[in-house]
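>>> Any chance you could fold what I've pasted below:
(2 chains)
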Number of protein chains: 2
Amino acid sequence: MTSPTRIVVVGGVAAGMSAASQARRRRPEAAVTVLERGSSISYGACGMPYNIEDPQRDLDDLIVLTPEKARDERGLDLRLRHLVTAVDLDRGEVVAVDEDGGTEVRIPFDGLVLATGARAVRPPGIDGLDLAGVHFLRDLEDGRHLKQDLDDRVRRAVVVGGGYIGMEMAHVLTSRGLGVTVVEREPEILPGWGPEAVAEVRSELTAHEVEVMAGSALQYLKGDADGRVATVVTDAGSIEADLVVIAVGIRPEVSLAKAAGLRLGESGAIWVDQQQQTSHPAVWAAGDCAEAFHRILRKPAWIPLGTTANKQGRIAGANVVGGRSRFAGIVGTAGFMVFDLEVARSGLGVAAAAEAGFEPISTTIRQRSRAHGYPGGTPVQVTLVADRHTGLLLGAEIVGKDGAALRINPVATALASHLTVADLQQLDMVYAPPFASVWDPLLVAANQLSKKVERTG
Amino acid sequence: MTSPTRIVVVGGVAAGMSAASQARRRRPEAAVTVLERGSSISYGACGMPYNIEDPQRDLDDLIVLTPEKARDERGLDLRLRHLVTAVDLDRGEVVAVDEDGGTEVRIPFDGLVLATGARAVRPPGIDGLDLAGVHFLRDLEDGRHLKQDLDDRVRRAVVVGGGYIGMEMAHVLTSRGLGVTVVEREPEILPGWGPEAVAEVRSELTAHEVEVMAGSALQYLKGDADGRVATVVTDAGSIEADLVVIAVGIRPEVSLAKAAGLRLGESGAIWVDQQQQTSHPAVWAAGDCAEAFHRILRKPAWIPLGTTANKQGRIAGANVVGGRSRFAGIVGTAGFMVFDLEVARSGLGVAAAAEAGFEPISTTIRQRSRAHGYPGGTPVQVTLVADRHTGLLLGAEIVGKDGAALRINPVATALASHLTVADLQQLDMVYAPPFASVWDPLLVAANQLSKKVERTG
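Numbers count the residues shown, from 1 in each chain, chains lettered A, B, ... in the order given. Here you go, the predicted model:
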């Protein structure tokens, strides 16, 4: 009798739990051990800002699967508060510290899945990041601390970083009654987005009295006598603040992979093939720590998102027990909400498209979300990007209310299918006055952009 | 100097106005005459039920373009209340009666576009259809009459026909305070839809106290002493009613085309090629009077909808002045709203797929519209249909609230691209807790359905 396959998964959030569950589903006789350094598994980290908005909601609402269910229903050997310190590829063992007992354990594996995620960037050379009232937002504990910190004494917040998390936190903290300033080092918030989408977000922020200081670099944080943050100092002036959220990006957590000698990609994340296999045949990687094949760029990219983590996790889990699943890759779809505005993108913006060697053309249109004459419709703004010579659709950005973000999904589908603007014009989109206009905004944009396509040859 | 191209368009609503406007845009020197038998042009007929719901709204809200603008801004020779009585292909003339003057006019053309639309079916052999209070709902005048008829004396309505218009009118008349019974001849409402979607619509109707008599054939209508409808008699019993809406379907208006000897398709609508050209080289047709190429059936079909009419109209308009535009065809996308429920479909249902020679497999799942833990989410029900052996996606039906109908558009895009269920599983859909779940309902359905695909060979 052969011993069952021994699978070890490092990380128990999105990709890790997907991988572990999938491995057990595909091969029920496998012994699957999950090592998670935190106390919770399988939570929706992307939901943290929105959870923080509502003082009545428990942060544990975000937990999809409890440790008990993971053990009892999915049959996983789940070890919480286990910090993996090394991967010994020669001996096929993972070395971990049980943070409760303080003991070191060595766990042998036949197949290993790394789902170590990403960590928040600590801006280098900035004093005061450890003052009370300064928050990063990465894991559930970070969220818990921030939420606990939001009491009546806290009036003024500074959000450092004008990306997705920055926008969400500006909204959430405003909803919680704070005055909010967003500080962004780049000349404009939402770096990489087109000016048309940025303008819409800007006016939504202004309408809700969020101040934006773009092109301003954080210099240091100053505390009060109690050691709580009091002032944020930037090269464009100082801002009083009782609370600071640092959201200047995340980096893939690759220290284990690097120490084990696994190949990293150009992005710095773990290199994987489309089966999620790393450069070592017994090791797979998935989620925020790994790259993904970008279907428009046609090369690996690092765009860490929960959707990708879940897909990659399933595939890694299937393959670590002998499957041959293949991840088709990403097209760069992402979205967020800021106040009442839904913001979504897929594919490449104009600058990224030019950098990738395309000759981008673009157009921006506004069309009502509902039929002519139907009450309650709101404008949907669509920016469409394509290649001038082939007409190949390269990307889109959509901003609006009333379900606007969901309108990016046909774009994601079209990008995966390598459709052209001419193909897009012909799509048979749904129409009924309460939820659509007879010319869907995407079709209006495609009709408009088609005039700029210059077919050659 | 050659005389300008003379273009005649018969019909001035969706396809006709699209064609006329496009022809002028493509060739500004062309003389474009539009003959419309009604008094209004370019109105959103699909919006009529929803307009009738609101007593404060003017039915003219549905008019997108006024006759004045059509003349002044688009340079069209627009003739209202002109009934075309014949197309003389030998002489290249259209014969019309000016219904105001009573005179007959003959208008020569170099190119003709037929956009004669469809007419409501009058159920044959039914007495009482001309009683006061009995309504059809096809053109703006029908809508006006129905809306005017909705005064305080009207308490009980019967809607004959359980299709889209029947569902919309059941909703609208209930909103206007009437008690409503829907009578459907077939064993179930929404013939052609899957039982899962129908069950959802049924419970929405029940929740709003709409009675449904399915499998009941209309026999006759009985009037009161004033000649107003009072009783609807079916083979399953009689219903008291002050108002009756007959919505038992529409048929393509092809009498002119038929009399002129143009080829009709199997569906009875005008046969056209993908350039919208009819069997006569000087005649194009577009909209509800014409067939369209069905991209999944790979043959012509007749599914009359405003979206298709607008696309076909543009293409006919481009081609009648010498263009070579091509209509890629339809995939059968349609949707409607009944009370708070959005209902949408695209592609083929199980029965239609089997009839077309596929071996359909299907699955129905429910997934929340928003992230786990995010408040306000509602279930989205997705039924996905594919071919058992190739995994080719064949169709979907989606029912839910909270923007559910828009979720059909990625399906429409996938159908146009001939994606498989495996392709669908890999789509990079947008995720943010307020408007999506990390596994989009379509992906959940695709994951589920993929287990039934049996790849052969």
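>>> The helix or strand A:Arg144 falls within packs against which elements?
Assigned by DSSP states H and E, A:Arg144 belongs to helix A:140-149. If you count contacts as 3 or more Cβ pairs under 8 Å, 6 or more residues apart in numbering or on different chains; DSSP states H and E, helix A:140-149 packs onto helix A:48-53, strand A:134-135. (C-beta placed from N, C-alpha, C; glycine too.)
>>> Run through the stretch 201-350 of chain A and note the low-pLDDT ranges.
Nowhere does the stretch 201-350 of chain A drop to pLDDT under 70.
>>> so what's the residue in the stretch 1-150 of chain A that chain B sits nearest to scoring on pLDDT?
Residue of the stretch 1-150 of chain A nearest chain B, by Cβ to the nearest Cβ: A:Asp61 (3.8 Å). With respect to pLDDT, A:Asp61 scores 85.
>>> mind checking how far it is from B:Val201?
Distance of A:Asp61 to B:Val201, computed by Cβ to Cβ, to the nearest Å: 32 Å.
>>> Pick out whichever of these two has more residues nearby.
Neighbour tally, A:Asp61 and B:Val201, criterion other Cβ atoms under 10 Å in any protein chain shown: the higher count belongs to B:Val201, 22 against 17.
>>> Quick check: phi and psi on the residue of the stretch 1-150 of chain A closest to chain B?
Dihedral pair for A:Asp61: phi -50, psi -30, per degrees, to the nearest 10.
>>> what does stretch A:437-446 contact?
Contact with stretch A:437-446 is made by A:363-372, A:377, A:380, A:382-384, A:396, A:398, A:407, A:410-411, A:421-422, A:424-425, A:427, A:429-431, A:447, B:14, B:44, B:46, B:306-307, B:310, B:409, as judged by Cβ atoms under 8 Å, 6 or more residues apart in numbering or on different chains.
>>> mind running it again at 7 Å?
Here stretch A:437-446 makes contact (Cβ atoms under 7 Å, 6 or more residues apart in numbering or on different chains) with A:363, A:365, A:367-368, A:370-372, A:380, A:382, A:384, A:407, A:410-411, A:421, A:424-425, A:427, A:429, A:431, B:44, B:306-307, B:310.
>>> Just the helices from chain A, written as ranges.
Using DSSP state H, the helices found in chain A span residues A:14-26, A:48-53, A:67-72, A:140-149, A:164-175, A:195-207, A:255-259, A:306-320, A:350-355, A:409-416, A:421-425, A:441-450.
>>> between the fourth one and helix A:164-175, how many degrees?
Relative orientation of helix A:140-149 with respect to helix A:164-175: 20 degrees, computed using axes from the mean of the first three to the mean of the last three Cα atoms, to 10 degrees.
>>> ok, and for helix A:140-149, which residues are buried?
Neighbour-count burial for helix A:140-149 flags A:Leu140, A:Asp142, A:Gly143, A:Arg144, A:Leu146, A:Lys147, A:Asp149 (criterion: 16 or more other Cβ atoms under 10 Å in any protein chain shown).
>>> same check, this time on the second one
When neighbours are counted by 16+ other Cβ under 10 Å, the buried residues of helix A:48-53 are found to be A:Met48, A:Pro49, A:Tyr50, A:Asn51, A:Ile52, A:Glu53.
>>> Closest one to A:Asp226 out of the buried residues of helix A:140-149, please.
A:Asp149 (13.3 Å; Cβ to Cβ).
>>> Skipping adjacent residues, who's closest to A:Arg74 in space?
Closest residue in space to A:Arg74, ignoring its immediate chain neighbours: A:Ser21 at 5.3 Å, by Cβ to Cβ, 6 or more residues apart in numbering or on different chains.
>>> so how many other residues sit close to the one you found?
Applying other Cβ under 10 Å, we find 23 residues neighbouring A:Ser21.
>>> again, but for A:Ala292
29.
>>> you'd agree it is up against A:Lys299?
No. The pair A:Ala292 / A:Lys299 is not scored as a contact, 10.4 Å apart, by Cβ atoms under 7 Å.
>>> okay, and the common contacts of these two?
Shared contacts of A:Ala292 and A:Lys299, defined by Cβ under 7 Å, 6+ apart, are absent.
>>> And the helices and strands packed on helix A:140-149: which comes nearest B:Thr174?
helix A:48-53 (35.3 Å).
>>> Need the residues that contact that closest one.
A:57, A:59, A:61-62, A:137, A:143, A:146-147, A:165, A:168-169, A:172, A:175-176, B:373-374, B:433-434.
>>> one more time with 8 Å
Helix A:48-53 is contacted from outside by A:57, A:59, A:61-62, A:137, A:140, A:142-143, A:146-147, A:150, A:165, A:168-169, A:171-172, A:175-176, A:337, B:371, B:373-374, B:433-434, using Cβ under 8 Å, 6+ apart.
>>> Restricted to buried residues, select those residues in PyMOL.
Selection of the buried residues among the contacts of helix A:48-53 in PyMOL, burial being defined by 16+ other Cβ under 10 Å:
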select buried, (chain A and resi 57+59+61+62+137+140+142+143+146+147+150+165+168+169+171+172+176+337) or (chain B and resi 371+373+374+433+434)
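>>> Now do the contacts for the closest residue to A:Val121 other than its chain neighbours.
In this structure, A:Val121 finds its nearest non-sequential neighbour in A:Gly249, 4.7 Å apart by Cβ to Cβ, 6+ apart. Neighbour list for A:Gly249: A:Ala120, A:Val121, A:Gly161, A:Gly163 [criterion: Cβ under 8 Å, 6+ apart].
>>> tell me the contacts of the first one?
Going back to what we said before, that points to A:Ala120. By Cβ under 8 Å, 6+ apart, A:Ala120 lies in contact with A:Phe136, A:Leu137, A:Arg138, A:Asp142, A:Ile246, A:Ala247, A:Gly249, A:Ile250.
>>> Next up, the contacts around the residue nearest the centre of chain A.
The centroid of chain A falls nearest to A:Leu305 when counting by Cα atoms, centre = their mean (3.1 Å). The neighbours of A:Leu305, taking Cβ under 8 Å, 6+ apart as the test, are A:Cys46, A:Ala334, B:Tyr431.
>>> will you turn those residues into a markdown table that also has neighbour count and distance to A:Pro67?
Formatted as a markdown table, the contacts of A:Leu305 follow (neighbours: other Cβ atoms under 10 Å in any protein chain shown; distance: Cβ to Cβ, whole Å):
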| residue | neighbour count | distance to A:Pro67 |
| --- | --- | --- |
| A:Cys46 | 21 | 21 |
| A:Ala334 | 20 | 30 |
| B:Tyr431 | 25 | 24 |
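>>> Now flag whichever of these is closest to B:Gln275.
A:Ala334 (39.7 Å).
>>> The closest one and A:Ala344 touch, don't they?
Yes. Using Cβ atoms under 8 Å, A:Ala334 makes contact with A:Ala344 at a distance of 7.1 Å.
>>> Identify each buried residue in stretch A:241-259, please.
For stretch A:241-259, by 16+ other Cβ under 10 Å, it's A:241-248, A:250-254, A:256-257.
>>> Closest to chain B out of these?
For those, the residue nearest chain B by Cβ to the nearest Cβ is A:Ala247; the value is 15.3 Å.
>>> Give me the phi and psi for the closest one.
Here is the backbone geometry of A:Ala247 (degrees, to the nearest 10): phi -130, psi 60.
>>> give the contact list for A:Gly192.
For A:Gly192, the contact set (Cβ under 8 Å, 6+ apart) comprises A:Gly349, A:Ala351, A:Ala352.
>>> out of the residues you listed, who has the most neighbours?
Neighbour counts for these, by other Cβ under 10 Å, peak at A:Gly349, which reaches 23 neighbours.
>>> and it, what is it in contact with?
Applying Cβ under 8 Å, 6+ apart, we find A:Gly349 in contact with A:Gly192, A:Trp193, A:Gly194, A:Val385, A:Gly395, A:Glu397.
>>> let's go with 10 Å and repeat that
Contact partners of A:Gly349, counting by Cβ atoms under 10 Å, 6 or more residues apart in numbering or on different chains, are A:192-195, A:197, A:332, A:355, A:360, A:362, A:383, A:385, A:394-397.
>>> Weed out the non-buried ones from those.
In those, the ones that pass as buried (16+ other Cβ under 10 Å) are A:Trp193, A:Gly194, A:Ala197, A:Gly332, A:Pro360, A:Ser362, A:Thr383, A:Val385, A:Leu394, A:Gly395, A:Ala396, A:Glu397.
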